[in-house]
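Enquirer: What follows is a predicted structure for the sequence shown.
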Amino acid sequence: WRQNVSVACVMLAVFLHLLGFTVTGPITPGLVTHFALRASDVGVLTAAYPLGMFGALFAWPRLSDRVGRKPILVLSLLGVGAGLVSQAHCVAAGWSLKTFLALRVASGACAGASPVVKAYLADAASPEDLPQWMAWREASCTLAFIVGPTLGGLLFHGSSLHACIAVTGWASIAAAALVAVVMREAPRSATDDGGGAVSGGGTKRAAEDEAEGGVAAKAPRTDS
């Protein structure tokens, strides 16, 4: 059951990573009005977050190979949460558009740890479970594109602009705490420390091959 809870935490992390991006859909007109943007500049609002994600896609997986999947996921969720809360404060305090966009890019960079989730699932899952877990990951992404705009519209209708952003930020921080407490680090499916270390599966296969070779060597010859 502990492994199932760990996987559930990972799926929650995937969901919240994308929620910070999708929740801004319905509030984009409010942000346009708040920052007095021209129509030609509206795309900058939606491009800032995925720009940060793209820039960090190649750094997070390599770092997780060094320090582990769990610490990177916790750091990623905390970074996304802190970034979203800071964006909410930016809107409430009337800071500049450049500051808001910089915070969006930084939040997206923290959310760029999505490949780490795939690596964790590959580490933790058996060959039989891996396809199903990957399907759950895709379902978590799809759910974020369903819940995000709906939640953003409801919050924008019933509260302030900055509250819409802050809610998702605090949810991400809460998820980071949950992952830190509940998630169990999975053994790596393969390691490469430069010293010839191999995965447990590779060691087992090598041992089996050696054993089979020994049996073949000891078998009596039947040549006629």
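Expert: Good, I have the coordinates. Just so you know, these numbers come straight off a predicted model, no measurement behind them. Numbers count the residues shown, from 1 in each chain.
Enquirer: remind me which residues of this protein are low pLDDT?
Expert: 1, 189-224 (pLDDT under 70).
Enquirer: got the residue ranges for the helices in it?
Expert: Assigned by DSSP state H, the chain shows helices spanning 2-22, 28-35, 42-56, 59-67, 69-93, 97-111, 114-124, 130-158, 161-182, 200-218.
Enquirer: is it possible to export those helices to JSON lines including distance to Arg188?
Expert: No exception for glycine: its C-beta is placed from N, CA and C like everyone else's. What follows is the helices of the chain, written out as JSON lines (distance: least, Cβ to Cβ, whole Å):
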{"stretch": "helix 2-22", "distance to Arg188": "15"}
{"stretch": "helix 28-35", "distance to Arg188": "41"}
{"stretch": "helix 42-56", "distance to Arg188": "21"}
{"stretch": "helix 59-67", "distance to Arg188": "8"}
{"stretch": "helix 69-93", "distance to Arg188": "9"}
{"stretch": "helix 97-111", "distance to Arg188": "23"}
{"stretch": "helix 114-124", "distance to Arg188": "6"}
{"stretch": "helix 130-158", "distance to Arg188": "15"}
{"stretch": "helix 161-182", "distance to Arg188": "18"}
{"stretch": "helix 200-218", "distance to Arg188": "9"}
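Enquirer: Just put the ones you listed in CSV and tack on mean neighbour count.
Expert: Conversion of the helices of the chain to CSV gives the following (neighbours: other Cβ atoms under 10 Å):
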stretch, mean neighbour count
helix 2-22, 20
helix 28-35, 15
helix 42-56, 17
helix 59-67, 16
helix 69-93, 22
helix 97-111, 21
helix 114-124, 20
helix 130-158, 15
helix 161-182, 19
helix 200-218, 10
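Enquirer: Disregarding flanking residues, what is the spatial nearest neighbour of Leu151?
Expert: Val23 (5.7 Å; Cβ to Cβ, 6 or more residues apart in numbering).
Enquirer: Number of residues surrounding that neighbour?
Expert: Neighbourhood size, Val23 [other Cβ atoms under 10 Å]: 26.
Enquirer: Could I get the phi/psi values of it?
Expert: Main-chain torsions, Val23, degrees, to the nearest 10: phi -70, psi -20.
Enquirer: That one is in contact with Leu161, isn't it?
Expert: No - if you go by Cβ atoms under 8 Å, Val23 and Leu161 don't touch, sitting 11.7 Å apart.
Enquirer: give the contact list for the residue nearest to the spatial centre of the chain.
Expert: Nearest residue to the geometric centre of the chain (Cα atoms, centre = their mean): Ser114, 3.3 Å. Ser114 makes contact with Val14, His17, Met53, Leu57, according to Cβ atoms under 8 Å, 6 or more residues apart in numbering.
Enquirer: And stretch 83-103, end to end?
Expert: With Cα to Cα, to the nearest Å as the measure, stretch 83-103 spans 6 Å from end to end.
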